[in-house]
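1. Give me coordinates for this.
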Amino acid sequence: MPDVDKKEQKIQDACRLLSRRVNNGQKPDIKNLARELDLPYTTLYNRFTNIHKSRTEAIQAQLYSSPLPSSTTRPIYCAKSSSYLYFIRN
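-> All right, here's what the predicted structure looks like:
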C-alpha cells in the first residue's frame, strides 16, 4: 500500500506543477513531465484534465452519492398518494 501512496503523491505533485505552468501562461507539457517522473501519460493526462479522480476520491464520491442498498430499505405502498414510500429497516 505505501507504493500506491507514493505514486498518488507523485501524480498530485505533477498536477500541481502543471497547474502552476498554466497559471504562468506556459503550455503544460504532460508528455515530457510524465516521462521525467516515470508516470503513465494517460493517468497524468486524465487526472490533470479532471476526467478521472484518484481511487480514494472516487470511492468517497460513490459512497456519498449512492442510494441506500436495497437490503436496508423496504417499499411500502401508500394508497392515499398512490406511490411507494421507502423506510429504513431497524
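
2. State the three-state secondary structure for residue 52.
-> Of the three states, residue 52 takes coil under DSSP: H, G, I helix; E, B strand; the rest coil.

3. Spatially nearest residue to it, not counting backbone neighbours?
-> Nearest-residue entry for residue 52: residue 46, 4.3 Å, with adjacent residues in sequence omitted and distances by CB to CB, 6 or more residues apart in numbering. Every C-beta, even on glycine, is put in place using the N, C-alpha and C of the backbone.

4. give me the element the one you found is part of.
-> helix 41-48 (DSSP states H and E).

5. And the residue nearest to residue 52, how close does it get to residue 40?
-> 9 Å (CB to CB, to the nearest Å).

6. if you count what's nearby, which of the two comes out ahead?
-> residue 46 (14 against 11; other CB atoms under 10 Å).

7. just checking, the more buried one touches residue 54?
-> No: Residue 46 lies out of contact with residue 54 (CB atoms under 8 Å); the separation is 10.7 Å.

8. anything in contact with each of those two?
-> With contacts defined as CB atoms under 8 Å, 6 or more residues apart in numbering, no residue is adjacent to both residue 46 and residue 54.
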